[in-house]
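**Q** test case, fold it:
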Amino acid sequence: MVLKLNYPCFLNSKDSIPVARKCFSENNITVFIEKRQVIATIQPTLTKTTSMCYFRFALLLLAMASTQNASAQKEDKAIKTVINRFFEAMQKRDTAMLRSTCMPMPVLQSYMKNREGKLDIISEDFAEFVAFVGSPSSDKYEEKLEFEAIHAEQSLASVWTPYKFYLNGKLSHSGTNSFQLVKTPQGWKIQYILDTRRK
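**A** Down below sits the predicted model:
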């Protein structure tokens, strides 16, 4: 007889993980992730007492997994909020909000075709970018993002976001943003943005 105890495993919807990934195995108990579920499989011994001990141990492991997943969800939400505020600041031409989402000297780069038509890394000074965002203009900017992947640990996060950029309501270009964020006492901050741009 095999007892199975399922518990939700809240992973990113587009995380690239195997169909089943073993997390823990000891004696008669195995815990693994399968199809966004944490599953504990218990092979009971001959006595009910031993089986119940394993069952309680499985419950403890699943509770720990649930806590870790809830924490990861909270961090993902905080990271998304910072990135969304960065582009909201561009739309509102709010330089104070823009600076609040970044480290003091973030790196802004694009990998795109230069004047000769060859792909090249083009860097932009952050102070000049902030001045541009804050300058009076009748133009309206909107960047629509898709959060395709978020990978984070305690103090570092990497985010991959395909995007479409609209100027005055018309599609200007599209590509992908690659964000690197660091966690400070004030929360997550953007340190590096590398994007691609295509018509």
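**Q** got the contact list for Ser110?
**A** 121-122, 124, 194-197 (CB atoms under 8 Å, 6 or more residues apart in numbering). The way it works is simple: take the backbone N, C-alpha and C, and place the C-beta from them, glycine included.
**Q** for it, give me the pLDDT.
**A** pLDDT, Ser110: 97.
**Q** so how far is Ala149 from it?
**A** Using CB to CB, to the nearest Å, Ser110 is found at 20 Å from Ala149.
**Q** before we move on, what about Leu167?
**A** Where Ala149 is concerned, Leu167 sits at a distance of 27 Å (CB to CB).
**Q** for the residue lying closest to Lys183 once chain neighbours are set aside, give its distance to Ser178.
**A** Nearest residue to Lys183, sequence neighbours excluded (CB to CB, 6 or more residues apart in numbering): Ser155, at 4.6 Å. For Ser155, the distance to Ser178 equals 18 Å [CB to CB].
**Q** between the two, who's got more neighbours?
**A** Neighbour totals were compared for Ser155 and Ser178, and Ser178 leads with 16 against 10 (other CB atoms under 10 Å).
**Q** got the contact list for that one?
**A** By CB under 8 Å, 6+ apart, the residues touching Ser178 are 158-160, 192-195.
**Q** in a helix, Asp139, correct?
**A** No. Secondary structure of Asp139 (DSSP: H, G, I helix; E, B strand; the rest coil): coil, not part of a helix.
**Q** tell me the SS of Ser110?
**A** Ser110 ends up strand, using three-state DSSP.
**Q** hmm, I was thinking of Glu75
**A** At Glu75 the chain is in helix, as set by three-state DSSP.
**Q** repeat for Arg115
**A** Classification of Arg115 using three-state DSSP returns coil.
**Q** and the strands in this structure?
**A** Here the chain has its strands, by DSSP state E, at 3-8, 20-26, 29-34, 37-42, 102-113, 119-124, 141-145, 149-152, 156-167, 170-184, 187-196.
**Q** for the fourth one, the averaged confidence score.
**A** For strand 37-42, the mean per-residue pLDDT is 52.
**Q** quick one on the thing from earlier: and the contacts of Ser178 as JSON lines, adding pLDDT, distance to Tyr141 and neighbour count?
**A** Below are the contacts of Ser178 laid out as JSON lines (pLDDT from 0 to 100; distance: CB to CB, whole Å; neighbours: other CB atoms under 10 Å):
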{"residue": "Ser158", "pLDDT": "98", "distance to Tyr141": "25", "neighbour count": "15"}
{"residue": "Val159", "pLDDT": "98", "distance to Tyr141": "20", "neighbour count": "24"}
{"residue": "Trp160", "pLDDT": "98", "distance to Tyr141": "21", "neighbour count": "15"}
{"residue": "Tyr192", "pLDDT": "98", "distance to Tyr141": "21", "neighbour count": "16"}
{"residue": "Ile193", "pLDDT": "98", "distance to Tyr141": "15", "neighbour count": "23"}
{"residue": "Leu194", "pLDDT": "98", "distance to Tyr141": "19", "neighbour count": "16"}
{"residue": "Asp195", "pLDDT": "98", "distance to Tyr141": "14", "neighbour count": "19"}
